[in-house]
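Asks: below: sequence and its predicted model.
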Amino acid sequence: VKVLIAIARENNARQDNADASRCAKSIKTALSAKNIAADLFFVEPGDFLKSEKNLIKKIKDLNPDCVFNLFEGFSYDAQREIDFACILEKTGIVFTGNTSKVLQQCLDKNLCKNLLIKAGLPVPAGICLKPGEGLSSSKLKLPVFIKPCCEDASVGIDKDSLVSNQEDLNKIINLKLQKHPEGLIIEEFLSGNEYNVSFIGQPPYEMLGISVMDYSKVDAQKPFMSYEAKWEEKSPDFNKLIPRVIKRKQYGDLEKQITNLCVQAAQKIGCAGYFRVDLRQGNNKVFIIDINPNPDINNDSGFSRQAYSAGYTYEEIIFKIVSLTVGK
Ligand SMILES: Nc1ncnc2c1ncn2[C@@H]1O[C@H](COP(=O)(O)OP(=O)(O)O)[C@@H](O)[C@H]1O
Ligand SMILES: [Mg+2]
C-alpha cells in the first residue's frame, strides 16, 4: 500500500496551518512503523489557479492506493478544503476523512445548524448575520457568543466573542463582519462544561472517548476556547484549557446522552472516517456547537489522547484510519 499525505504549503501560514505540517510528519512516521510507504504531497495556492485537470493528473500520476487528506485550505481561504476534496473525488482514489459534501456542510456553520435543527437535535438558539443585514435584537437574549460562520479551529474567537451588553453588540458585530465577510453566527452563550467526542468508521461509528473542558478556572472574560487559548502556548489560558479525557469507568448517564446526540448528528450530516463533535452545556442541557469533519489528529491532539484512552497506540489508530479507507 502506498499513501500520499496531502497538506497545504503556503507562505505566512497561521499557527493552525503550520501545525498540520507537524501532523503530516507524525503520520508518515506512524505509517512507516506499520511498513506502509507514505510521501508528502504539498497543495499550493497556485494549484488552484490552473485548470483542475492539472491537479487531478498530478495526483493520479503518483498512483497512490490512498490519499491521507490533511488539506484544510489556506489561512486566507478555508473554502479550498472543499475544492480539494472534490478534486480527490474526481481522481477515483480513496481518501481518508470526510467527503466534499460533509466538509461543505460543516464549514458553513449555519448550514450545519439548520440540518441539525431539522433533525430535532439541540443547538444554541441564535441567528446568522451577513454583511448589510440588520440585527433584529429582539430575538437575542444577552449574553451572546459571536463566531465566524465559515471558519474553524477557533479562528476569529477572541475576547470580543462574548458580548454582555447592548451598547457593545453593534460595534463588535460591525468589527467582526469586516474581518469575516462570509457572515457571523450570533447565538446564546452556553456557560457550562464543553465536551469533545471523537469517532472513527462508518455509522453507528466507534466512539474513541469524551473529553471535558472546565472553564471555571480560566480568565473570567474568556470562558471559551479562544484562538489564543487553543494555539498559543504562551497564552495564560493555554495550559488551563487542555481537554481532560474522562475515564470510561466514570461514564454516567450524561456521557451516554452526549454520545447518542453525537451519533445522531454525525449520521444526519453524513460523517465517516474520522471526526469530532463539540458540545457545551447551558442550563443543565447539552447542545451541539460544532462538528469537525477532519479534526487535528497529531499524536498530541485531543483526538489521539482519546484514542489512547480507548487502548490504541498512535501507530494503530493511524493504521486503522488508512485500513478503513482502503478496505471500504
Ligand atoms: N454558543 C456558545 N456558547 C459558549 N461558547 C461557545 C459557543 N459556541 C462556541 N463556543 C466556544 O467557542 C469555541 C469555538 O467555537 P466552535 O463552534 O467550536 O468553532 P470552531 O472550533 O470551528 O472554531 C468553542 O470551543 C467554545 O469554547
Ligand atoms: Mg470547535
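Replies: Sure thing, it's come through. Ligands and ions are numbered 1, 2, ... in the order given.
Asks: quick one: the most far-flung residue of the chain relative to its centre and residue 222, what's the gap?
Replies: Distance from the C-alpha centroid of the chain peaks at residue 167, with 32.1 Å (C-alpha atoms, centre = their mean). According to C-beta to C-beta, to the nearest Å, residue 167 stands 20 Å off from residue 222. Placement of C-beta: from N, CA and C, glycine included.
Asks: list the contacts of the residue farthest from the centre of the chain.
Replies: Residues near residue 167 by C-beta atoms under 8 Å, 6 or more residues apart in numbering: none.
Asks: where does it land in three-state SS?
Replies: The three-state label for residue 167, taken from DSSP: H, G, I helix; E, B strand; the rest coil, comes out as helix.
Asks: now do residue 234
Replies: coil.
Asks: count the residues that sit near residue 229.
Replies: As a burial measure, residue 229 scores 24 neighbours (other C-beta atoms under 10 Å).
Asks: phi, psi of residue 203?
Replies: phi -50, psi 140 (degrees, to the nearest 10).
Asks: grab the nearest non-local neighbour of the most centrally placed residue in the chain.
Replies: By C-alpha atoms, centre = their mean, the chain has its centre lying nearest to residue 292, at 3.1 Å. Of all residues not flanking residue 292 in the chain, residue 276 sits nearest, at 4.5 Å (C-beta to C-beta, 6 or more residues apart in numbering).
Asks: wait, a helix at the one you found?
Replies: No: assigned with three-state DSSP, residue 276 falls outside any helix and is strand.
Asks: check contacts around it.
Replies: For residue 276, the contacting residues are 196, 197, 198, 199, 291, 292, 295, 302, 303, by C-beta under 8 Å, 6+ apart.
Asks: among the residues you listed, which lie within strands?
Replies: In strands, judged by DSSP state E, the following of the contacts of residue 276 are found: 196, 197, 198, 199, 291, 292.
Asks: any idea which of those residues is closest to residue 58?
Replies: residue 292 (27.9 Å; C-beta to C-beta).
Asks: what's the closest non-adjacent residue to whatever residue of the chain ends up closest to ligand 2?
Replies: Residue nearest to ligand 2 within the chain: residue 290 (3.6 Å; C-beta to the ion). In this structure, residue 290 finds its nearest non-sequential neighbour in residue 278, 4.0 Å apart by C-beta to C-beta, 6+ apart.
Asks: shaky segments in the chain?
Replies: Low-confidence segments of the chain, defined by pLDDT under 70: 13, 137-138, 328.
Asks: who's in contact with residue 221?
Replies: Residue 221 touches 159, 162, counting by C-beta under 8 Å, 6+ apart.
Asks: just to revisit the earlier point, could I get the ones in strands among the contacts of residue 276 as JSON lines with distance to ligand 1?
Replies: Formatted as JSON lines, those follow (distance: C-beta to the nearest ligand atom, whole Å):
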{"residue": "196", "distance to ligand 1": "8"}
{"residue": "197", "distance to ligand 1": "12"}
{"residue": "198", "distance to ligand 1": "14"}
{"residue": "199", "distance to ligand 1": "16"}
{"residue": "291", "distance to ligand 1": "9"}
{"residue": "292", "distance to ligand 1": "7"}
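Asks: can you put those in JSON lines and add distance to residue 83?
Replies: Listed next are those as JSON lines, based on distance: C-beta to C-beta, whole Å:
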{"residue": "196", "distance to residue 83": "27"}
{"residue": "197", "distance to residue 83": "28"}
{"residue": "198", "distance to residue 83": "26"}
{"residue": "199", "distance to residue 83": "25"}
{"residue": "291", "distance to residue 83": "20"}
{"residue": "292", "distance to residue 83": "19"}
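Asks: what residues does this structure have near ligand 1?
Replies: By the rule C-beta under 6 Å from any ligand atom, the part of the chain lying against ligand 1 is 124, 145, 147, 151-154, 157, 187-190, 194, 224-225, 278, 280, 289-290.
Asks: so which of those residues sit within strands?
Replies: 145, 147, 187, 188, 194, 278, 280, 289, 290.
Asks: now the buried members of those residues.
Replies: Neighbour-count burial (16 or more other C-beta atoms under 10 Å) applied to those gives 145, 147, 187, 188, 194, 278, 280, 289, 290.
Asks: OK, contacts around the fourth one?
Replies: I take that to be residue 188. By C-beta under 8 Å, 6+ apart, the residues touching residue 188 are 124, 125, 126, 141, 144, 145, 282.
Asks: excluding chain neighbours, what is closest to it?
Replies: residue 124 (4.4 Å).
Asks: same check on the third one?
Replies: If you skip the residues right next to it in sequence, residue 187 has residue 126 as its closest partner in space, 2.7 Å away by C-beta to C-beta, 6+ apart.
Asks: that neighbour: neighbour count?
Replies: Neighbours of residue 126 (other C-beta under 10 Å): 21.
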